[in-house]
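Trainee: Whatever this is, show me its structure:
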Amino acid sequence: MRVVVNLTRCQGYAQCAFLAPDVFRMRGDEALMYDPQPDDAQRDRVLRAAAACPVQAIRVDSIEDRESAARASMAASAVTGGPPGQAPPDQASTPVSGLRNAAIEAFRRHGRIVIVGASLAGLAAAATLRQEGFTGALTMIGDESCRPYDRPPLSKQVLDGWVAPEHTGLPRADELNARWLLGVPATGLDLAGARVHLGDGGTVGYDRLLIATGTRARPWFNAAEAALDGVFLLRTRDDAARLRRRLADRPRRVLVIGAGFTGSEVASVCRDRDLAVTVVERGPAPLAGALGGVIGAVAADLQRAHGVDLRCGVTVTALEGDSDGRLRRARLSDGGTVDAEVAVVALGAIRNTEWLRGSGLAAGHWGVGCDAGCRAFDVNGVVTDDVFAAGDVARFPHPLYDYQFLALEHWGNAVAQAQVAAHNMISAHGDRWPHLASPVFWSAQFGTNIKSVGVPTFADQVVIAQGSVEEHRFVAAYGYRGRITAAVGFDQGKWLESYQSLIEQAAAFPPAPRPGDRQPVPAQIPDHTIRERQATVVVTGHDPSERRAQLVHHR
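Mentor: Predicted coordinates:
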């Protein structure tokens, strides 16, 4: 049995923890933890818990909810011209539309789709393709040797010691009737020949391609220091297994480098295990890069209240080991040192686009550029019609945010965008969907459920709209030029859906009423200007018919 909880939807009512306590656990007031692969003896309890969930956030042996299944059924009906499962009509209303419908139906039956990235997004897209009636050849390519698994539990349940790393596999992978090429990374893309090049020298041809290669953890900058025994990254299942074993040995101190969501969650697990932990963050506060300095200061208070040795405004300049190659200390930019036996490098992610260099796609450290329908741009900024992108690696324009291009590393976005991409790959132009979902993400740390809707960094002001900062139970609303753009809740998940509606309706900021008529303050959003000169676009030619863009990469 495989269980997936959509924690972007979960509102912490806790019925599941009462009905199946061996599978679901509540930490604090709203932070839900669960076993993704419980024993089958728990099935009846889990099914009762899923039925009782007021927001229907629990999925058993599936990653789609009822809404997406119904939408997929309607989409299949629209393409075939009749009820789901019914064959398309013999004749359409016009010869042109009839030809288009026939071509689409032929592709659904006999086309070749390749998904590069055996990830959450890749699996969600593959499941949607099959659900919407695609019966052609489906190939899944992944650089890891295992089938898709869920990453959020790695920094929570797995490190906590409750869930085994191998119990994080996602459901439905066995039902796809797909060809799996695992442990063989994609190394290149031939757009003209419609072929993916593989690390073993082979190639795979396609009619439609989905790029869902996601991200990888940013490594420590010094390779020799990164190789010290005791220095860890946390991105893959193997990473989590190695770190879990080392934490079980009870090191005297753990150093966490970076206080983003992953680093903060690792620090939380260490304190839960009564391990001494020091967190070093170059910014003014934990989570400031995602939530701004005002709410970051609250996160800092939360960490210190739980015994974290938090040091902000400094960086780690070097990691030092002993004569046996074991980590012993870190040197800081303020001249200080930290003695530690374990260091977790949590410096963010790198989008996996190197394999696309020279392919002719608009792909670089920013991700793969695509439109709101998930169709990838070529290097000239012209949309393709047979290459799509979804998940962490995709960068797309969002109408709610002045059509700025967003790259979202969120669980919910990976699923929603993959479903849109899959639908559009096998649909006529007029039946395609835009990806307009409001970004939602969550984090469970120090017994607190932190949930966000919208894009907090797209804001100039923030106000505490309800609750108490001192009690770490509140909702902060973000605004930009008089319009609400995001909301963040600390143990207030039940309210986020109403704020999502306000964001989607372009409601006025600040919202009213507010406790004590609190006034907005500057959100203290950091400057996100990209300073790394990795790729430059050069335009060549003089006549409009010959002008072309070219990516010039810098080392």
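Trainee: Tell me which helix or strand in this structure has the weakest average pLDDT.
Mentor: helix 66-80 (a mean of 49; mean pLDDT, DSSP states H and E).
Trainee: for residue 26, helix, strand, or coil?
Mentor: Following DSSP: H, G, I helix; E, B strand; the rest coil, we place residue 26 in the strand state.
Trainee: Spit out the contact partners of it.
Mentor: 12, 14, 17, 32-33 (CB atoms under 8 Å, 6 or more residues apart in numbering). C-beta here means a position set from N, CA and C on the backbone, and glycine is covered the same way.
Trainee: buried set for stretch 189-200?
Mentor: Residues of stretch 189-200 classed as buried by neighbour count (16 or more other CB atoms under 10 Å): 189, 191, 194-198.
Trainee: Quick check: the farthest pair among those?
Mentor: Maximum pairwise distance among the buried residues of stretch 189-200 (CB to CB): 16.2 Å, between 191 and 198.
Trainee: Give me the contacts around whichever helix or strand residue 187 is part of.
Mentor: Assigned by DSSP states H and E, residue 187 belongs to strand 186-190. Residues outside strand 186-190 that contact it (CB under 8 Å, 6+ apart) are 116, 141, 143, 195-199, 203, 209, 213, 355-356, 358-359, 361.
Trainee: Please identify which helix or strand holds residue 478.
Mentor: strand 473-480.
Trainee: Which other helices and strands does that strand contact?
Mentor: Packing contacts for strand 473-480, counted by 3 or more CB pairs under 8 Å, 6 or more residues apart in numbering; DSSP states H and E, involve helix 288-305, strand 461-468, strand 483-490, helix 496-504.
Trainee: Can you show me the strands along the stretch 401-550 of the chain?
Mentor: For the stretch 401-550 of the chain, the strands defined by DSSP state E, counting those that start in this stretch cover 404-406, 440-445, 448-454, 461-468, 473-480, 483-490, 521-522, 535-540, 548-553.
Trainee: What is the end-to-end distance of stretch 154-161?
Mentor: 10 Å (CA to CA, to the nearest Å).
Trainee: So residue 55 is in contact with residue 7, correct?
Mentor: No: if you go by CB atoms under 8 Å, residue 55 and residue 7 don't touch, sitting 10.8 Å apart.
Trainee: the more surrounded of the two?
Mentor: residue 7 (24 against 14; other CB atoms under 10 Å).
Trainee: from what I can see the more buried one touches residue 411, true?
Mentor: Yes: contact criterion CB under 8 Å: residue 7 and residue 411 qualify, at 7.3 Å.
Trainee: tell me, what's touching those two both at once?
Mentor: residue 152.
Trainee: For the strand holding residue 478, which strands pair with it and how are they oriented?
Mentor: Sheet pairing of strand 473-480 (DSSP bridges) gives strand 461-468 (antiparallel), strand 483-490 (antiparallel).
Trainee: what residues does the first one touch?
Mentor: Translated: strand 461-468. 292, 294-295, 456, 473-480, 487, 490, 492, 495, 499, 509-511, 514-515, 518-523.
Trainee: Same question for that strand: list its buried residues.
Mentor: Buried-residue list, strand 461-468, by 16+ other CB under 10 Å: 461-467.
Trainee: Let me know how buried residue 31 is, in neighbour terms.
Mentor: For residue 31, using other CB under 10 Å, the count is 24.
Trainee: make that residue 50, sorry
Mentor: Residue 50: 19 neighbours (other CB under 10 Å).
Trainee: Can you give me the distance of it to residue 8?
Mentor: 17 Å (CB to CB, to the nearest Å).
Trainee: repeat for residue 24
Mentor: 17 Å.
Trainee: cool, and residue 338?
Mentor: From residue 338 to residue 8 the distance is 35 Å (CB to CB).
Trainee: Who has more neighbours out of the two?
Mentor: residue 8 (23 against 18).
Trainee: Verify the contact between that one and residue 439 for me.
Mentor: No: Residue 8 is beyond contact range of residue 439, at 9.3 Å (criterion: CB under 8 Å).
Trainee: Which neighbours do those two have in common?
Mentor: 410, 412.
Trainee: Doesn't residue 41 belong to a helix?
Mentor: Yes: remark: residue 41 belongs to a helix, assigned using three-state DSSP.
Trainee: Let's see the pLDDT reported for it.
Mentor: The model reports residue 41 with a pLDDT of 95.
Trainee: Begin at 611, not 1, for the rest of this chat.
Mentor: New numbering, starting at 611: the last item is residue 651.
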